[in-house]
Structures are given as structure tokens and as C-alpha cells.
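Peer 1: got a structure for you, letters missing:
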């Protein structure tokens, strides 16, 4: 699932993903298109699964304003979405159902246009 | 009959059991489906009740009622929570916003309830449908990817004044779905096991049937010629009525010449070709049975033609066939007998015996011939049935006829030969000759029974008529039978005062090996004063050795020698004269049988034969008939 979501978010043939979640790292380590990045500044997409990491990374983003390119931040919790406008989307479980959300305006800010198949998962505001 | 239908019954039973197992399976599945349907109906009922409760508590505009009142929302969430059981996983209320996103209004979850107005689904066509149609929808969630813990969702519209205000979602838990699915699983396991067992039984049954077929084939089909073996006949006649068939018995003439000339291997090939030819002549409904090396029995349906026509077709067809062995052409001829099996015939043995006799007759006339048994002979087949004879003896439907033996010179009756006859069951006037039944009962208890009745009649006659002498026929084998010997000697003892008026005419079926033993038997009879006559002297086994070794009283010249007086009179006379002279030396009396006309009688008189017997002088009749005549 993450492979197709990240592929939709990044046009690159080889996508660098940063995450400190061990389980996710194990999943991505077997991927052909996604490779794990150890450094935030080298990552195309940052996947955040816990609040502490989220706060750290949001602080890092805030501090490094002179970065060439901001990484795309993707989370695994609905409530993380309103922590920062830098978070573009979330994939999470709710009421036994998997949920995928993208914030329309934030994608626009990053000049990301999702394929038609993802239009139903787009919202304007939380 | 039971054996015939047993296999079919077992097969039918297995099929019936398989159908029963299938029925059980279908019933179990239906029962599970019915249970699920009932539970869904129950959930529908709950959903409608909860929706009504929310409507009742929130009034006409649900959003207005909840918007600014977190406490009220909390209160309603707790109310929804009360409905959560193991059966219902989630209960929540969604509302569609202006952008078409579905947001939570209420959530009955105990842990981490969703906050008011948070987004659930950005878009959902299915929820849109419920919004539009205002009709409840059931979603089978377990069929969808990305759904866990939920088996079934009921999406129930909360409608106010024809406007869909919100959707109540009631999720039935996956564990409950599994519980319902597995509710009948023990029964299903039993059904599956039963089906597996029955299927295995069916496979085993088919395998056994196949094995049975192979073994049966080996038992009833002759490997060389591929025609039936004799063992099949019984089975065949269990299925079909005998009297619906014509029967033919054929033997290939001089087949051993083929074997000697070309070897057994070539002989087998010829035999194979012979049966193929035979099959091609016959219809598909006819059967061929190999009953001996070169002997075949053919059964052909009567409706396909008369026995004479069928037998001739076979006989001619086989005669025309040429067999190519190497560079040589070989012809084969057959000797055949045939008959139409009479109605109500039950024993093939009787038929076979008649056909055998007819075949022997054909062979004795030089082979390569066909003999068909006539209607008269066929009607008398039933007389050869052991049950028929047994019944006749039980009912004492037996008579002794007496044929007179005359003193040739005086032409006076000196003795009578007792001859047994059975009386026909349906026609008391009709008497049955021993030709039909004697061989059938020989060696059985019926033979003893018959002998007992004959001896009783003979002694009654001897008692009744003081000046009468009687001779009875006894087979030499009878004397070797302890029961028969006991019967004869006890009768002689009981009637010892008249036993001297009884003559035993000894018949010989085979050569005497132990003269000492025979002498001992004859001595026992002679001890009561009875006389001993050697029957059929001059033919078969009745040889001159008897004259040397046995102490006898009378010689009865074989009928065939007497009959020769008509064909080769001079030769016959010489033989008869020599027997007379020989008898004179040993002081035996001489009796000539088969005196069928005056010419023979006169010749025998001229030859000085002491006693004569035959149809010319007197037929076998009741003793009273002769004694009246005498008077």
C-alpha cells in the first residue's frame, strides 16, 4: 500500500524514505523502488508513526528553513494531520477500516498532483 | 434371485447414502444462512431502534442539537455504548458535509471515541446511495480489503421530514460472523466425513466390481476360444428360461489328426478360427459354450428359427469353412445333435444326456452328420427329471409288467420276466420305459426304493400264483451295494419258501475284475434256491469267461445276435448254434430274446433253442392278462 501511496506522491523512480519505525524499515528494506534514507535531508518522504518523532521532525523542519527542498511528511495517525501544514497526508486504521487522507491545499503547496484514483481520498480541510 | 440383485442393491444403497449426505450438507449450509439472516434482521431491528432513539433525543435537526453541546454528545455516545456487545463491534453516526466528506457526529466506541466532526471517509459512493435512497444498506465487509474486525455493516439512514440527516453505522463483529459460520461446523465435519467415507466406499465398490468382473470373466470365458465355459450355463439359465432356446451339441470330427499333423499350436489356432466361424454363423443372441476339448454346446433363441434350420445352417457353414495351415488347406467336419428344449425343462443335465446319446448315434453312423431329436423324444425329457421320478415313487406310480418266456417246442409259458414301468402323472394309461429314468436314479436312494417296490410286487405275484416262475433283472453293481444286497437277501429270506421260483438275470455294465467276489454274491442268492441267468450273453462284457468261472443256470442270448437272423442268417445261426452247444456242455438252459416274428421263432425252434421270448410271443403285460389267457 505504502509503495503505491509514495509512488503517487513522488515522481522519482527511486524514492528515499526516512522513518525511524523499525517495523516500517523492515517492510521498506525489501522494496525495489523505495530505499531507506538515514538522513532527513536526503529523504524524499518522511514517514512518522509516533508523536515524539513528529515533534522532533517538525522542529527540524522549522529550524532548517533554508533547505533546498522540504521533504514530504506522511503520518500514520489522523490526529497528527492538524499538528502542521507540512504534513501532506495520513494512512491509518479507524473503526476496523483502513483510511487514506490527503489535504488538498498542502499538496498544492508542494506542487503535487495525485493520480485520478486518489481523488476520492482528498479533503480540503480537516 | 437375491444374489442377482445384491450388487445392485449395495450400489443403490451407497448412492442413496451419498445423496443423503449431500442433502445434509445443503441443509446445514441453508441452516447457517438462515441463522445469519435472522441475526441480520435482529441487527436491522436494533439499528432502527437506535436511530429512533437519536431522533427522539435530538429533535428535527440532529446537527443543531449536537453542535454546541459536548455534554449532550457525551451523553448520546454513552447511550450508543450501551448497545455494544460482543456481537456489535462499532456503533457510530456520520454526517455528510457540504464537500461530500463523511464526518463523525457520534461514536459509541469505549476506547478512543472519534471526536465530533472528524473526517471518517472523504468520499463513499455506498454511503451516498443510502443518503440518496434513504434505504438501509448491508455491506459484507469481510469481502473487502482494508477492513478488519468487521464482518458486516448496516448503514441506516436517519431521516427527518424526507431529508437524510445522518447515517447510523452498526458494525457486526468479525468474531460473531465466524461464530455464526462455525455454528454448524461440527455437523459439517460429520457430513464431510460421511461423504468422504461414502466416496471411498463407492471407489472401493467400483474397484471390487472391476475385480469381480475380471475374475468372473476368467471363470466363465475360455481363454483359447473366447467362448463361454461350461460353468456359465447355470448362470445363463438362472437368467433366461431354458425352453426359449434351441440347443445344439457339436464335436469336431477327428481333430486329433490336426494336432498330430500340424502340432498343438496350429491346432489351437484352428480351434480359435473354428469358434470365430461358429460365432459368425450364429446371431448375437446365441451363445457358444465349450464343454470339452472339441465339444461345443450352442444355445440359440427359438424365435430366430426352427431347430432343424438353425442346426443345418451351423452344420453347413462349418463344413464349407477351409482352414489354411502353413501352405496346406484343412477341412473340418462336425458331428452334431440338436433339439428344441421342451417347455418347463429345469435340468440341463437331462438335455445334455439326450443330446449326448444322439451325438453318439450320429458318430456311430460314421460321423460328419447331424441328428435332430424329435418331438416324442423331447416330450419325454421330463421323465428323466429326478424330481419327477421321486414323486412317482413316493406316490407308488409304478407297475411291474411281465413278459412271458416260452418253451420253444411246446410253446408253453414257463416263466415271466418282470419289467418295471412308471405311470405318467397326467395320463395313467401311459407307461414310462426305464430307458428314461434308470440311468438317472442309478446310485441314488430312489433306485433302492424302486427295487424294493419291484421285489414286493414280484413276491406278491409268486405268492398269488403257485405255478408261476419269474425272473428279475439285477445289475452286477447292485450286488456290490450293501443296501441293495441287504434288500434282496432279506426279501429272499422272508419269502424263502418260494424263492426257488425266482431267477436273477445278471446284467453287466463293465468287465468283472474280481470273480471271487461275484461268486460270493451269486452264492448268497442261490442259497435260497434262486436261479442265476446271464443276460445279453455274447455281447459286451458277458463273455465266455463267465462259463468257466461262475456257477450259473441260464444263458440269455443277446438280442442283437437274434436280430441278425434277419440280416445275416447263416452267421447268426452259427453263433447261436455254438452258444447252444456250449450251454449243453455246461448244462445251462438257453433263452433267446427279441423274437419279433414267426420266422425268427421257427429258426430258433429249428436250432433247438429251449426257451424263447419276444414281442411275437407276448408283450410285457400285467400278470393277470396272461393268466386269464392261459386259463
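Peer 2: Sure thing, it's come through. The shown structure was predicted, so the numbers you read here are calculated from the model rather than taken from an experiment.
Peer 1: so how far is chain B from residue A:86?
Peer 2: Here the criterion is C-beta to the nearest C-beta, to the nearest Å. By it, residue A:86 lies 19 Å from chain B. Just so you know, the C-beta spots here come from the backbone N, C-alpha and C atoms, and that holds for glycine as well.
Peer 1: hang on, residue B:268 packs against residue B:223?
Peer 2: No: between residue B:268 and residue B:223 there is no contact under C-beta atoms under 8 Å: 10.4 Å.
Peer 1: could you check which of those two is surrounded by more residues?
Peer 2: residue B:268 (14 against 8; other C-beta atoms under 10 Å in any protein chain shown).
Peer 1: quick one: that one and chain A, what's the gap?
Peer 2: 76 Å.
Peer 1: would you say that residue is within a helix?
Peer 2: Yes: Residue B:268 forms part of a helix when assessed by DSSP: H, G, I helix; E, B strand; the rest coil.
Peer 1: how far away is it from residue B:293?
Peer 2: Note on residue B:268: its distance to residue B:293, by C-beta to C-beta, to the nearest Å, is 11 Å.
Peer 1: same question for residue B:52.
Peer 2: Separation of residue B:52 from residue B:293 (C-beta to C-beta) stands at 100 Å.
Peer 1: pLDDT value on residue B:256, please?
Peer 2: Residue B:256 carries a pLDDT value of 89.
Peer 1: for the residue most central in space within chain A, name its beta-bridge partners.
Peer 2: Closest to where the C-alpha atoms of chain A average out (C-alpha atoms, centre = their mean) is residue A:74, at 1.9 Å. For residue A:74, the beta-bridge partners are residue A:47, residue A:89 (DSSP bridges).
Peer 1: measure it to residue A:46 for me?
Peer 2: With C-beta to C-beta as the criterion, residue A:74 and residue A:46 are 7 Å apart.
Peer 1: in chain A, which helix is the longest?
Peer 2: If you go by DSSP state H, chain A has its longest helix at helix A:51-63.
Peer 1: packing partners for it?
Peer 2: In terms of contacts (3 or more C-beta pairs under 8 Å, 6 or more residues apart in numbering or on different chains; DSSP states H and E), helix A:51-63 is packed against strand A:45-48, strand A:72-75.
Peer 1: mind listing what's buried in it?
Peer 2: For helix A:51-63, the neighbour count (16 or more other C-beta atoms under 10 Å in any protein chain shown) marks A:53-54, A:57-58, A:61 as buried.
Peer 1: Throw these into JSON lines and include pLDDT, thanks.
Peer 2: Formatted as JSON lines, the buried residues of helix A:51-63 follow (pLDDT from 0 to 100):
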{"residue": "A:53", "pLDDT": "93"}
{"residue": "A:54", "pLDDT": "94"}
{"residue": "A:57", "pLDDT": "92"}
{"residue": "A:58", "pLDDT": "92"}
{"residue": "A:61", "pLDDT": "88"}
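Peer 1: which stretch of helix or strand covers the residue at minimal distance from the centre of chain B?
Peer 2: The residue lying closest to the centre of chain B (C-alpha atoms, centre = their mean) is residue B:235, at 3.5 Å. Under DSSP states H and E, the secondary-structure element containing residue B:235 is helix B:231-239.
Peer 1: do the same with residue B:195
Peer 2: Here residue B:195 sits within helix B:185-220, counting by DSSP H and E.
Peer 1: before we move on, what SS does residue B:156 have?
Peer 2: strand.
Peer 1: neighbours of it, just the number please.
Peer 2: 25.
Peer 1: you'd agree it is up against residue B:49?
Peer 2: No: the criterion here is C-beta under 8 Å, and residue B:156 misses it with residue B:49 at 10.1 Å.
Peer 1: ok, and for the helix holding residue B:235, which residues are buried?
Peer 2: B:232-233, B:236-237.
Peer 1: okay, the angle between it and helix B:185-220?
Peer 2: If you take axes from the mean of the first three to the mean of the last three C-alpha atoms, to 10 degrees, helix B:231-239 sits at 120 degrees to helix B:185-220.
Peer 1: same for helix B:231-239, what does it pack against?
Peer 2: Going by 3+ C-beta pairs under 8 Å, 6+ apart, helix B:231-239 lies up against helix B:185-220, strand B:287-290, helix B:348-364.
Peer 1: which one is residue 95 nearest to, not counting chain neighbours?
Peer 2: I'll assume chain A. In this structure, residue A:95 finds its nearest non-sequential neighbour in residue B:90, 4.8 Å apart by C-beta to C-beta, 6 or more residues apart in numbering or on different chains.
Peer 1: the intended chain is chain B.
Peer 2: residue B:166 (4.6 Å).
Peer 1: per-residue pLDDT, residue B:292?
Peer 2: The model's pLDDT for residue B:292 equals 89.
Peer 1: on that earlier part again, ok, the buried residues of helix B:231-239 vs chain A, which is closest?
Peer 2: Nearest to chain A among these is residue B:232, at 73.7 Å by C-beta to the nearest C-beta.
Peer 1: what's near enough to touch that closest one?
Peer 2: B:220-221, B:287, B:289 (C-beta atoms under 8 Å, 6 or more residues apart in numbering or on different chains).
Peer 1: and the gap between residue A:85 and chain B?
Peer 2: From residue A:85 to chain B the distance is 16 Å (C-beta to the nearest C-beta).
Peer 1: mean confidence for stretch B:383-391?
Peer 2: Mean predicted lDDT for stretch B:383-391 stands at 83.
Peer 1: please disregard the earlier target; I meant stretch B:457-464.
Peer 2: On average, stretch B:457-464 scores 95.
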